[in-house]
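1. I would like to see how this sequence folds:
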Amino acid sequence: MINKLKQFIKPRYQTLNEIRIGRQQILDNYKVLEASQPQAAIFPVLKSNAYGHGLKELCLILNDSRAPFVIVDSFPEAQIVYHYFKRKVLILGEMPAKAYSYCNLKRSEFCIYNKESLSALAELGRARVHLFVNSGMNREGIKDLESFLMENAELLKRVEITGLCSHLAASEEVSNLNHQQLEKFLDDLNILRSKGFNPKWVHLGNSAAIFSFNHPALTAYRSGLALYGYSPYGEDSVYFSKTSNLKPALRLSSTVVSLQSLRVNDVVSYNGTYQAQAEGKIAVIPFGYYEGLNRGLSNLASLIWEKSGRREYLKIAGRICMNLCCLAVGDLDVKIGDEIEIISGNNLDKNSLNNLSKISGHIPYELLVGLQSNIRRIIV
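-> Sure, this is the predicted structure:
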């Protein structure tokens, strides 16, 4: 009680950078995904700090969804899930053998890629496992399932096989590879069933497959990017229109901390790649490539300043620095303390995540997971 009182009385630190996560957008996106695959469960993928959105924050939001699991990569992430999410966690990544013993077996299920991981879990009792098969991506997984089942029959008696899973290599494309992987995966499912195993969770598809696959054998889908409101498809895809109801949930802002006057021909930031063509001002925000603003946006992207009903795009001037970024404001009445929107939640804005990705030449995943975990995240 005393500690809670101290937290209430203690002044809250006023951060200069802030990520706002829209609770309703996440829940609405989850409903869109459910509606696209009504016969299957949707497993939210929260690895890599929930794609930059905040693992703790997404757990709290998803408590109000019907998700039976959330998916993370490792034990450190699972620890956070145990504390903030009410239901189970599926640990997708491989871990050191000892790490499995740290996990809460009652609330965890594990993807198994090889004999070594299976052996570690078999030592712990009736751990629930999802056998991860190599369906054609050739990155990881069990390539010959029938041999694996025969060679590890004794170990498999000491765990409970609750899932079969794999991963698509080209799900966002119209590709024969998708069909080849599905056929291989279904063959493995038949092999597993022929040996007397009948897994509840059969999952191959990710966000893109939710909108393009329709096979009754698949009982779950893993959604990452779409959960956060971004289409996994390009605008020229035949499936793009199916994702039109997704709503970006993230908005990122910073604060002007410095103003500098410029004369004609003055240069800005490292190596003078920006040169003033007229007198004006530069505004500086404390957000650079360390915080997650990709350096490839230097001199190309524009961010939003909005004040007193006026809304303007401010172009990034010069090279983005480690912890700072300069913006050309001309003669606008920008003041120290003004808010600058770095990533907009509106797909039509120049500084939407998709547009910033195109400008920088990086995929949206990279920009999202690059957002530092120490930036304050607020559920709104």
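2. Please work out which residues outside stretch 243-250 touch it.
-> 19-22, 25-26, 28-29, 32, 52-53, 211, 226, 228-233, 343, 345-347, 352-353, 368 (Cβ atoms under 8 Å, 6 or more residues apart in numbering). Every residue, glycine included, has its C-beta placed from N, CA and C.
3. hmm, try it at 6 Å
-> Stretch 243-250 has contacts (Cβ atoms under 6 Å, 6 or more residues apart in numbering) with 21-22, 25-26, 28-29, 32, 53, 226, 228-229, 231, 345.
4. ok, and the most crowded of the residues you listed?
-> Within the contacts of stretch 243-250, residue 228 tops the neighbour count with 28 neighbours, counted by other Cβ atoms under 10 Å.
5. Just want the phi and psi numbers for it.
-> Per-residue torsions, residue 228: phi -90, psi 0 (degrees, to the nearest 10).
6. Can you list the residue ranges for helices in the stretch 101-250 of the chain?
-> Listed in chain order, the helices of the stretch 101-250 of the chain (DSSP state H, counting those that start in this stretch) span 115-122, 145-151, 153-156, 176-194, 207-212.
7. What lies in contact with the fourth one?
-> The contact list for helix 176-194, computed with Cβ under 6 Å, 6+ apart, reads 133, 135, 136, 145, 146, 164, 166, 168, 169, 170, 204.
8. could you dump these to a markdown table with neighbour count, distance to residue 74 and pLDDT?
-> Below are the contacts of helix 176-194 laid out as a markdown table (neighbours: other Cβ atoms under 10 Å; distance: Cβ to Cβ, whole Å; pLDDT from 0 to 100):
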| residue | neighbour count | distance to residue 74 | pLDDT |
| --- | --- | --- | --- |
| 133 | 28 | 21 | 98 |
| 135 | 25 | 23 | 95 |
| 136 | 21 | 25 | 93 |
| 145 | 22 | 25 | 98 |
| 146 | 14 | 30 | 97 |
| 164 | 29 | 21 | 98 |
| 166 | 27 | 20 | 98 |
| 168 | 23 | 22 | 95 |
| 169 | 16 | 23 | 93 |
| 170 | 14 | 26 | 90 |
| 204 | 28 | 22 | 97 |
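9. Of all pairs in the residues you listed, which one is the farthest apart?
-> Farthest pair in the contacts of helix 176-194 (Cβ to Cβ) is 146 and 170. Separation: 25.9 Å.
10. how much space is there between the nearest residue to residue 58 once chain neighbours are set aside and residue 124?
-> Leaving aside its chain neighbours, residue 58 sits nearest to residue 50 (4.0 Å; criterion: Cβ to Cβ, 6 or more residues apart in numbering). From residue 50 across to residue 124, the span is 27 Å (Cβ to Cβ, to the nearest Å).
11. neighbour count winner among those two?
-> Using other Cβ under 10 Å as the criterion, residue 50 and residue 124 rank with residue 50 on top: 30 against 14.
12. Check the contact between that one and residue 59; I expect there is one.
-> No: with contact defined as Cβ atoms under 6 Å, residue 50 does not reach residue 59; the gap is 8.2 Å.
13. can you give me the strands in the stretch 101-250 of the chain?
-> With DSSP state E, counting those that start in this stretch applied, the stretch 101-250 of the chain shows strands at 108-112, 127-132, 159-165, 201-203, 220-223, 250-255, listed in chain order.
14. Make TSV from the ones you listed and add distance to residue 90 to it.
-> Shown next, in TSV, are the strands of the stretch 101-250 of the chain (distance: least, Cβ to Cβ, whole Å):
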stretch	distance to residue 90
strand 108-112	5
strand 127-132	7
strand 159-165	8
strand 201-203	8
strand 220-223	9
strand 250-255	23
